[in-house]
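Colleague: all I have is the shape, not the residue letters:
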């Protein structure tokens, strides 16, 4: 294996994680004043099946941070290539994320995005601050499945879809 020049700290971190493909999701909730908030996340992971727990990470400086409190509800939207526009919209200007007809108010006003491949609705059970970020643990209460689609991946700063490998590929 040939390696490029070694990097330290943040450069090593950024270089490595640009090469790590991640699934794309959008997390939505309601701010304390009732406004819908949300953001695109590539850190979504399952934590346990019993009880059904998921985690995501976020920056405490995020415009959505005030909604991330224990007990608050969140909707976790899994996205496919057909809903890539949602990932882009929810990663852009936070003032424009809920302008348009790409969402509706669901249970208790929780913002739900149209065209997600799946939506898991749950409540925050724990928030672990780490430096200026946090690991958020959500217990899934229920959910819905949308139309089937391929996975949406984020890799090397680009949205992509997976391609199945054949046995003769190395």
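Modeller: Arrived safely, thanks for sending. Just so it is clear, the structure is predicted and the values come from calculations on it, not from any experiment.
Colleague: separation between residue 159 and residue 124?
Modeller: Distance from residue 159 to residue 124, counting by C-beta to C-beta, to the nearest Å: 27 Å. Every residue, glycine included, has its C-beta placed from N, CA and C.
Colleague: low-confidence ranges, this protein, go.
Modeller: Within the chain, the stretches falling below the threshold (pLDDT under 70) are 1-6, 170.
Colleague: where along it do the strands fall?
Modeller: Ranges of strands within the chain are 22-23, 25-30, 36-41, 45-48, 53-59, 73-78, 103-105, 111-113, 118-130, 133-145, 153-155, 158-160, based on DSSP state E.
Colleague: using TSV, please lay out those strands together with mean neighbour count and distance to residue 67.
Modeller: Shown next, in TSV, are these (neighbours: other C-beta atoms under 10 Å; distance: least, C-beta to C-beta, whole Å):
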stretch	mean neighbour count	distance to residue 67
strand 22-23	16	22
strand 25-30	24	4
strand 36-41	22	5
strand 45-48	12	20
strand 53-59	17	10
strand 73-78	24	8
strand 103-105	15	15
strand 111-113	21	10
strand 118-130	16	9
strand 133-145	16	10
strand 153-155	17	23
strand 158-160	13	25
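Colleague: so which of those is nearest residue 10?
Modeller: Each of those has some distance to residue 10 by C-beta to C-beta; the shortest is strand 133-145, at 13.7 Å.
Colleague: got the angle between the closest one and strand 53-59?
Modeller: Counting by axes from the mean of the first three to the mean of the last three C-alpha atoms, to 10 degrees, strand 133-145 points 130 degrees away from the direction of strand 53-59.
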